[in-house]
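# Mind looking at a prediction? Sequence and model below.
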Amino acid sequence: MKVRLTNYDENWIKSYVDECKVMREIFGDEIIQFEHFGSTSVPGMKAKPVIDMMVLVKDIDQINQFNSKLEMLGYDVAGEWGITGRRLLRKGGDNRT
């Protein structure tokens, strides 16, 4: 993936909030909390225009049942990706935002 930095964009917060709504629709009551982290979460900072977010859930073992729905919405479901107890999801391929 080619790394590019851009000036801060206030729309990053909106993108994060919009994606939280999508996650809430998919995972429902499994969600405990959302976290926006990484450079796009820091107002005024130049950043890779990729929204990094974490969704804390009640039972990680229940999350795999949502994989087909996530894939239909354009997510790449990468599984634990080397860290036991997490699920990595990516959206947008090489042009992720």
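Sure thing, it's come through.
# Just say helix, strand or coil for residue 3.
coil (DSSP: H, G, I helix; E, B strand; the rest coil).
# Is it in contact with residue 49, as I believe?
No. Residue 3 lies out of contact with residue 49 (CB atoms under 8 Å); the separation is 10.5 Å. Bear in mind the C-beta positions are built from the backbone N, C-alpha and C, glycine included.
# Compare those two (neighbour count), which wins?
Shown here are residue 3 and residue 49; by other CB atoms under 10 Å, residue 49 has more neighbours (19 against 6).
# you'd agree the more buried one is in a strand?
No. Assessed with three-state DSSP, residue 49 is coil; it does not lie in a strand.
# Need the nearest residue in space to it, chain neighbours excluded.
Excluding the flanking residues, the one nearest residue 49 by CB to CB, 6 or more residues apart in numbering is residue 6, at 5.1 Å.
# joint contacts of residue 3 and residue 49?
Shared contacts of residue 3 and residue 49, defined by CB atoms under 8 Å, 6 or more residues apart in numbering, are absent.
# Could I get the average pLDDT for the lengthiest helix in the chain?
Assignment by DSSP state H gives helix 11-27 as the longest helix of the chain. When pLDDT is averaged over helix 11-27, the result is 96.
# If I look at the most centrally placed residue in the chain, what pLDDT would I see?
Centroid-nearest residue in the chain: residue 53, 4.3 Å away (criterion: CA atoms, centre = their mean). Listed pLDDT for residue 53 reads 96.
# Surely it is within a helix?
No. Counting by three-state DSSP, residue 53 is not found in a helix; it is strand.
# How about the contacts made by it?
Here residue 53 is in contact with 16, 19, 20, 34, 35, 36, 37 (CB under 8 Å, 6+ apart).
# For ChimeraX, what selects the buried ones among these?
To isolate the buried members of those in ChimeraX, using 16 or more other CB atoms under 10 Å:
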select :16,19,20,34,36
